[in-house]
Every structure is written in C-alpha cells, then in structure tokens.
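# let's see this in three dimensions:
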Amino acid sequence: MKTGYYHKISNLNFIENKKQNKNIGIEYFKWIVKNSFFKFFNPKIKVDNKKTDLTEIRKEMTIAEISHLIAFIFVTVIALYMSISHNYLFGLTIMIVNILMNLYPSLLQQENKRRIDKIIKRQRKTVANKI
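Next up, the predicted model:
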C-alpha cells in the first residue's frame, strides 16, 4: 500500500460505463449482496452516517477489490489446469463460481469506489467554497 504501484491499482476500472455494469448484471449482484448473508462479510465497508470517513471506506474497498482480483486470477489458473488435465465441465464449473465469487465482487467494488469518489469530490468542493 505504500508503493506507487498501489496508487495505480487503487484506481482500476475495468468497466467504466454504468450501462455496461447493468448489462452484465451488477445491479442484481448488488441486491444479492445487500439482502443476504454476504452483507456481513466485510463490516469495515459500511457507511453508518454522514460523519463516516469515506477515504477510509474507499481504502478498505480497494483492499477487498485487489484481494478478489488476486483470487480470481489464481482460481482461473486452477480452472484452466483442471479443464485441460481432468475434465472440461469441471473446469467450467469452477470458472462460473469464480466469476460469481471473485470477479463480480471486484466489479461491484469498482462501481462503489466511483460513487464514493464523486461524493468525496463534492465534499472537497463544498469545503473549498466555504473557505
């Protein structure tokens, strides 16, 4: 986190268009996360009130996003190996679960970070206007 490389990866955006996110089903995935047991997995990423430190939440989101991306790459390699060495269907099944459990959460974190960035920018503008 203390390297220049972290700054580059903390601003990843695979899908920048909100319409494309909707087309691949991120809105449905977001609903599932908010309305199921998944919402309890990372309590650090939660806005309790207007005084919540959004930069800290963004940092936690970045850590979660990068962790999911690393897991996605790792499991993709395993799925490819299993497809080639054992059974194509088994590898495909692993890959489908991998997309749902690692890629989609990462894409959702990216969308949420974009939303938080807009709010942070608006807050900084408001503070600058008061001075």
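# hang on, isn't Ile45 packed against Glu56?
No: here Ile45 does not reach Glu56: they are 9.7 Å apart, not a contact under C-beta atoms under 8 Å. Every residue, glycine included, has its C-beta placed from N, CA and C.
# and whichever helix in the chain runs longest, which residues are buried?
Longest helix in the chain by number of residues (criterion: DSSP state H): helix 54-85. Buried positions in helix 54-85, judged by neighbour count with 16 or more other C-beta atoms under 10 Å: 54, 57-66, 68-69, 71-72, 75-76, 79, 82-83.
# who does that helix touch, helix- and strand-wise?
The elements that helix 54-85 packs onto, with contact taken as 3 or more C-beta pairs under 8 Å, 6 or more residues apart in numbering; DSSP states H and E, are helix 88-98, helix 104-130.
# now do the shortest one against helix 104-130, angle only.
Direction vectors for helix 88-98 and helix 104-130, defined by axes from the mean of the first three to the mean of the last three C-alpha atoms, to 10 degrees, enclose an angle of 20 degrees.
# would you indicate which residues of helix 88-98 are buried?
For helix 88-98, by 16+ other C-beta under 10 Å, it's Gly91, Ile94, Met95, Asn98.
# would you check how far apart the nearest residue in space to the second one that is not next to it in sequence and Ser106 are?
To tie it back to what came earlier, the one meant is Ile94. Nearest non-adjacent residue to Ile94, counting by C-beta to C-beta, 6 or more residues apart in numbering: Ala79, 4.1 Å away. As judged by C-beta to C-beta, to the nearest Å, Ala79 and Ser106 stand 16 Å apart.
# low-confidence ranges, the chain, go.
Low-confidence segments of the chain (pLDDT under 70): 1-8, 131.
# how about 80 then?
Along the chain, segments meeting pLDDT under 80 span 1-17, 39, 42-52, 126-131.
# how about residues contacting stretch 45-54?
When contacts are defined by C-beta atoms under 8 Å, 6 or more residues apart in numbering, stretch 45-54 is touched by residues Ile57, Glu60, Met61, Ala64, Ile116, Ile119, Ile120, Gln123.
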